[in-house]
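Student: Sequence below, structure please.
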Amino acid sequence: MTESGGRAWDVPADVYQDAANIIDLAIQGDRKGVVDTLDAVVDRGGVRGAYDLACCLAATLVGDSTPGGFAALDFPGIDEVAYDARWVARFVSAYANADAPTGEALFGAAMADGQLSTCLISLAGSTGATIQRRGLDS
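Tutor: Here you go, the predicted model:
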């Protein structure tokens, strides 16, 4: 994983393993397992660990074959959907745009609003669903 300036992030290997575990649990529909693993990540790595995990999930959701150009942060009707769905759409768009400041701001806003856990669970679910869909499309 790299920052927008092209420098490699020093993401511990266990974050990637946690992301893989969370995706597997999400695919299995094990919400409690997802929550327990997210809690363990936060306990071990704090806010930075949770952010790194969110970036790993976003990277998996975006995948390798992303179209070049700009990913929108706002979409028609986005203000009518739940907080976590808006957050996931905007966070993944920020990730796809390599816009770390926006991703960090969204992460901080979700923390300040008391919605981070819900947002991360939603991101995990979206990532798991995307992986399943890709598997079915192959």
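
Student: all contacts plus neighbour counts: C-alpha atoms, from now on.
Tutor: Noted.

Student: tell me which element Leu61 falls in.
Tutor: Assigned by DSSP states H and E, Leu61 belongs to helix 31-62.

Student: other SSEs contacting the helix or strand following that helix?
Tutor: Beyond helix 31-62 on the C-terminal side, the first helix or strand identified by DSSP H and E is helix 83-96. Counting contacts by 3 or more Cα pairs under 8 Å, 6 or more residues apart in numbering; DSSP states H and E, helix 83-96 is packed against helix 31-62, helix 100-112, helix 116-137.

Student: ok, and for helix 83-96, which residues are buried?
Tutor: For helix 83-96, a neighbour-count test (16 or more other Cα atoms under 10 Å) marks 84-96 as buried.

Student: Same question for stretch 51-69.
Tutor: Neighbour count says stretch 51-69 has 51-62 buried, by 16+ other Cα under 10 Å.

Student: Can you tell me how far Ala109 is from Ala50?
Tutor: Between Ala109 and Ala50 the distance is 14 Å, computed by Cα to Cα, to the nearest Å.

Student: that older thread, what angle sits between the helix holding Leu61 and helix 116-137?
Tutor: With axes from the mean of the first three to the mean of the last three Cα atoms, to 10 degrees applied, the angle from helix 31-62 to helix 116-137 works out at 60 degrees.

Student: just checking, what packs against helix 31-62?
Tutor: Counting by 3+ Cα pairs under 8 Å, 6+ apart, helix 31-62 packs on helix 13-28, helix 83-96, helix 116-137.

Student: among the ones you listed, which is the most enclosed?
Tutor: Sort the helices and strands packed on helix 31-62 by mean neighbour count, taking mean count of other Cα atoms under 10 Å, and helix 83-96 sits at the top with a mean of 21.

Student: got the angle between that helix and helix 116-137?
Tutor: Helix 83-96 runs at 70 degrees relative to helix 116-137, counting by the same axes, to 10 degrees.
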